[in-house]
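Colleague: What follows is a predicted protein model with its sequence.
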Amino acid sequence: VNWGDLFFDLFYVGAAYNLGTIIKYDIKDPGLALLYFSGIFGTILNCFWAKKMLFDARFSLPEDLCHRTVEILHLCLLAMATQHIRPIKYMGNCGDYPEMFLFCLANLLGSLVYTLLNVEIGFVWVVGQKAATFNARTEVFHHCLCIAFQLAATIYSGFQYFGADVEGKLDHAPMWILFAGWLCVIPLLYFTQWSQGLWEKEVDFRSFTVPMNIHFVIHRYGEWTMLMLGESVLSLVIVDEIARINDRKYYLTFFLGVLNVIFLQFLYFKSQPHDVAHHAMRRSRHAGLSYNFMIQVYSAALIIVGVSYKLLLTEYNIKYAYDGARTLASEVGYLSNTERRKYISNFFCYGLAGTFVTLDFINLAHSGISATLYKCVFESRKLAAKALTLVVLTRCCIVIGVVVISQFISEDPQYIALLGFISVAMQVGIRFLQNLYFPKSDHIPAHEEQSSISDADPDFGSNR
């Protein structure tokens, strides 16, 4: 990891912050807001961040003028895509506004950049293993299928903007195409590796793939999570003018949000293995792909939680300071105070529940089902009732409780923030008790499947 990557990662914080505006201004239609949120999030992640990370984990670019120019172009395209993440009023109206077309175009060109770099390795020249050629060509195949979705969305939105007479009409077809492209990424990886026989235990992985620098990948995923948590921090500290009559409630909600972000950061990094040998991507290909998908869902849930805090704090804005029968305009219509706060409560609590569930699946990907159950077994080999109650039932009750209780306290933002704080604090407490009563054992059964990562040198890669 270099300082340049860390600095330019700020573009992704900007993208996450702009994603929050979609939920903020289009909260009246939660389904449509989530469609745009998911489609944009998945497209930005897979067209820019994931492609660059996976490439850098295996190969290194020569430091010549041509390749440096390519890197600068990639950053410019990322900036262009980030700039055009705007509310549905603009992105959904392809006939009047260029936002959707320019966003799709930037992502299409961003994907093409790293596709061409893989073409250079797979079809032009490479210094290193022969597996590098095969690996690069497989990546080109993956990229081309994803590019097909992005090209279709770009052509459709471009035709709507430049050719068709559809001014003033919302058309969500381009976003559905982008959303479908994101959903196809993980199944495509599974199919490709199954078709190559990579699920067989005796396969020589070096003949198919270039080992990734697993330390680099772990660091990048950790930095990505911090970026998404950073969006929550921005949402908390960047709020419009507050109503002076509600200072106490405002600051209570604010500090509960700050504590929640701190605890969420603690929960995530406390859940990660301390040694690279225990990471999901080292354990097996199944676990690695599951981790890759779950970390994407977890990141999206973090953004939803962050923007929900902004919406909770905005309720103390002078415009919203007084309850009454009046209705307030949003970007898509009119919402009463009760309706608006109900939607905010739902987004916040479902997003928080999503972080809990996905984090548990991430833990499961790291340890595996067998190793997890092994910690809950006494010497008599009987399942410990207290383990089942403490670790499983309690967590399930927290998730269900957050969703159910939120339906009864949505009228007051401070109670929603308090519910979030209590649930996160309980998760932290369970984590401490779990480590106390069920510490990691040195005798956990060995993993059943070897990873695709090199066991000889974790920093091993192929350089062009």
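Modeller: Thanks, I have the structure now.
Colleague: rest of the way, CA atoms for contacts and neighbours
Modeller: Will do.
Colleague: show me where the stretch 351-464 of the chain has strands.
Modeller: For the stretch 351-464 of the chain, applying DSSP state E, counting those that start in this stretch gives no strands.
Colleague: Below-threshold pLDDT in it: ranges please.
Modeller: 371-391, 435-464 (pLDDT under 70).
Colleague: Now the strand or helix carrying residue 229: buried residues?
Modeller: Secondary structure assignment for residue 229, by DSSP states H and E: helix 214-237. Residues of helix 214-237 classed as buried by neighbour count (16 or more other Cα atoms under 10 Å): 214, 216-217, 220-221, 223-236.
Colleague: Need the residues that contact it.
Modeller: With contacts defined as Cα atoms under 8 Å, 6 or more residues apart in numbering, helix 214-237 is touched by 1, 6, 9-10, 12-14, 16-17, 53-54, 57, 254, 257-258, 261, 265, 269, 276, 281-282, 299, 302-303, 305-307, 309-310, 313, 453, 458-459.
Colleague: Could you identify the helix or strand that succeeds it?
Modeller: Downstream of helix 214-237, the next assigned helix or strand under DSSP H and E is helix 247-271.
Colleague: Summarise which helices and strands the very next helix or strand once past that following helix is packed against.
Modeller: Once the chain leaves helix 247-271, the next helix or strand it forms, by DSSP H and E, is helix 280-283. In terms of contacts (3 or more Cα pairs under 8 Å, 6 or more residues apart in numbering; DSSP states H and E), helix 280-283 is packed against helix 285-314, helix 337-367.
Colleague: Do me a favour and average the pLDDT over the first one.
Modeller: Taken as a whole, helix 285-314 has a mean pLDDT of 87.
Colleague: that older thread, from the contacts of helix 214-237, keep the buried residues only.
Modeller: In the contacts of helix 214-237, the ones that pass as buried (16+ other Cα under 10 Å) are 9, 12-14, 16-17, 53-54, 57, 254, 257-258, 261, 281-282, 299, 302-303, 305-307, 309-310, 313, 453, 458-459.
Colleague: State the mean pLDDT of stretch 255-266.
Modeller: 91.
Colleague: and what of stretch 271-279?
Modeller: The average pLDDT for stretch 271-279 rounds to 80.
Colleague: buried set for it?
Modeller: Neighbour-count burial for stretch 271-279 flags 272, 279 (criterion: 16+ other Cα under 10 Å).
Colleague: my guess is residue 313 meets residue 252, correct?
Modeller: No: in this structure residue 313 lies outside contact range of residue 252 using Cα atoms under 8 Å: 10.0 Å.
Colleague: can you tell me the helix or strand for residue 134?
Modeller: helix 131-162.
Colleague: Buried residues of that helix, list them for me.
Modeller: Neighbour-count burial for helix 131-162 [16+ other Cα under 10 Å]: 131-144, 146-147, 149-154, 156-158, 160-161.
Colleague: So which other helices or strands are in contact with that helix?
Modeller: helix 99-119, helix 173-183, helix 185-195.
Colleague: Out of these, flag the one nearest residue 26.
Modeller: Ranking these by proximity to residue 26 (Cα to Cα) places helix 173-183 first, at 15.1 Å.
Colleague: what about residue 312, distance to residue 343?
Modeller: Using Cα to Cα, to the nearest Å, residue 312 is found at 11 Å from residue 343.
Colleague: Name the residue in those two with the higher neighbour count.
Modeller: residue 312 (24 against 19; other Cα atoms under 10 Å).
Colleague: Do I have it right that that one meets residue 411?
Modeller: No: contact criterion Cα under 8 Å: residue 312 and residue 411 do not qualify, at 10.7 Å.
Colleague: Tell me which of the helices and strands packed on helix 280-283 approaches residue 406 most closely.
Modeller: Once these are compared by Cα to Cα, helix 337-367 is nearest, at 6.4 Å.
Colleague: Would you mind getting the angle between that closest one and helix 285-314?
Modeller: 160 degrees (axes from the mean of the first three to the mean of the last three Cα atoms, to 10 degrees).
Colleague: on contacts alone, who are the packing partners of helix 337-367?
Modeller: Using 3+ Cα pairs under 8 Å, 6+ apart: helix 337-367 touches helix 247-271, helix 280-283, helix 285-314, helix 394-405, helix 413-437.
Colleague: The same query, at a cut-off of 7 Å, please.
Modeller: helix 285-314, helix 394-405 (3 or more Cα pairs under 7 Å, 6 or more residues apart in numbering; DSSP states H and E).
Colleague: Can you tell me which of these is nearest to residue 45?
Modeller: helix 285-314 (8.2 Å).
Colleague: and that closest one with helix 247-271, angle?
Modeller: Using the same axes, to 10 degrees: helix 285-314 against helix 247-271 is 170 degrees.
Colleague: mind checking how far helix 285-314 is from the chain centre?
Modeller: Using Cα atoms, centre = their mean, to the nearest Å, the distance from the centre of helix 285-314 to the centre of the chain it belongs to is 5 Å.
Colleague: what's the angle from that helix to helix 413-437?
Modeller: Using the same axes, to 10 degrees: helix 285-314 against helix 413-437 is 150 degrees.
Colleague: can you state the direction angle for helix 285-314 and helix 173-183?
Modeller: Going by the same axes, to 10 degrees, helix 285-314 makes 140 degrees with helix 173-183.
Colleague: From the contact counts, what lies against helix 285-314?
Modeller: Using 3+ Cα pairs under 7 Å, 6+ apart, helix 285-314 sits against helix 10-25, helix 214-237, helix 247-271, helix 280-283, helix 337-367.
Colleague: Let's have those in a markdown table, adding distance to residue 61.
Modeller: Listed next are the helices and strands packed on helix 285-314 as a markdown table, based on distance: least, Cα to Cα, whole Å:
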| stretch | distance to residue 61 |
| --- | --- |
| helix 10-25 | 21 |
| helix 214-237 | 15 |
| helix 247-271 | 31 |
| helix 280-283 | 24 |
| helix 337-367 | 31 |
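Colleague: how about the ones you listed, which one is nearest residue 294?
Modeller: The nearest among the helices and strands packed on helix 285-314, by Cα to Cα, is helix 337-367 at 5.9 Å.
Colleague: Buried residues in that closest one, which are they?
Modeller: 337-367.
Colleague: what does stretch 392-400 give?
Modeller: Counting neighbours by 16+ other Cα under 10 Å, one finds that the buried residues in stretch 392-400 are 395, 398, 399.
Colleague: Verify the contact between the second one and residue 424 for me.
Modeller: No: in terms of Cα atoms under 7 Å, residue 398 does not count as a neighbour of residue 424; the distance is 8.9 Å.
Colleague: what's the burial count for residue 5?
Modeller: For residue 5, the neighbour count with other Cα under 10 Å is 12.
Colleague: pLDDT wise, what is it at?
Modeller: 78.
Colleague: Got phi/psi on it?
Modeller: Backbone torsions of residue 5, given as degrees, to the nearest 10, read phi -60, psi -40.
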